[in-house]
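Novice: got a predicted structure here, sequence first:
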Amino acid sequence: MKVFGLGLSKTGTTTLKLCLREIGYRHSSYDPALVEAWSRGQLDEIWRTIERHDSFEDWPYPLMSSEIMERFGRDAYYILTVRKDASTWLESLKKHAMRQPPDRAELRRIAYGLDYPQLDEPALIARYERHNATVQEVAKRLGLASRLRVFCWEHGDGWQELCEFLGKSIPDKPFPHGNRAVAPDAEILAENQKRLTLLAAKQSERITAQPQR
């Protein structure tokens, strides 16, 4: 059985990766080349990667969650990681964007439609809620409700819940918590702030220039 993590970034996907690797799955994680392949509609490369691995999380897999569930059906397990609430997720995404090298903005643009989440926070909240609802709706429509489990590490889900769902033995190790926030590099933070300020100004100019109705 393959295992697909379908939660958006900053929902505990790194923790899920560490768990699946510890359990023994051959795991495929975030891959910028596959994200770009998805954006070009070149899914064959992604399907080939899926053939070579047992478990998956992070981009590009959440971007094609419906296609994955339709293709694998009951021959896979599906894990939707979420945060305790949408605002917590958004704040985590914003901080993450400011800590990353500026050239990562291109991949955020592919995944979320924005270089920085600060540029349209209501749209990002709507995207998060829509994604989580869609994954569950598709699973229900395809008769996969028993194959999908929503996990929230902040609400106490851990080894027991995950291993019971996957039918695996609980590892004799503490539950991992990956990708904890660290202090941002000052130079990267300054460059991102500069780019964000410029983009926000351009966005404001476009809105002001739109004809009034």
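Specialist: Yep, that arrived.

Novice: how close does Arg83 sit to Arg206?
Specialist: Distance of Arg83 to Arg206, given as C-beta to C-beta, to the nearest Å: 31 Å. In short, each C-beta sits where N, CA and C put it, glycine included.

Novice: nearest residue to Pro176 in space, please, no chain neighbours.
Specialist: Nearest non-adjacent residue to Pro176, counting by C-beta to C-beta, 6 or more residues apart in numbering: Leu18, 4.0 Å away.

Novice: can I get the host helix or strand of the one you found as PDB, trimmed to CA atoms?
Specialist: Applying DSSP states H and E as the criterion places Leu18 in helix 13-23. Below are the C-alpha coordinates for helix 13-23, written out as PDB (Å, rounded to 0.1, in the frame of the first residue of the first chain):
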ATOM      1  CA  THR A  13       4.500  17.500   6.400                       C
ATOM      2  CA  THR A  14       8.100  17.300   7.600                       C
ATOM      3  CA  THR A  15       7.000  15.500  10.700                       C
ATOM      4  CA  LEU A  16       5.000  13.100   8.500                       C
ATOM      5  CA  LYS A  17       8.000  12.500   6.300                       C
ATOM      6  CA  LEU A  18      10.200  11.600   9.400                       C
ATOM      7  CA  CYS A  19       7.400   9.200  10.600                       C
ATOM      8  CA  LEU A  20       7.000   7.400   7.300                       C
ATOM      9  CA  ARG A  21      10.800   7.000   6.900                       C
ATOM     10  CA  GLU A  22      11.100   5.700  10.500                       C
ATOM     11  CA  ILE A  23       8.300   3.100   9.800                       C
END
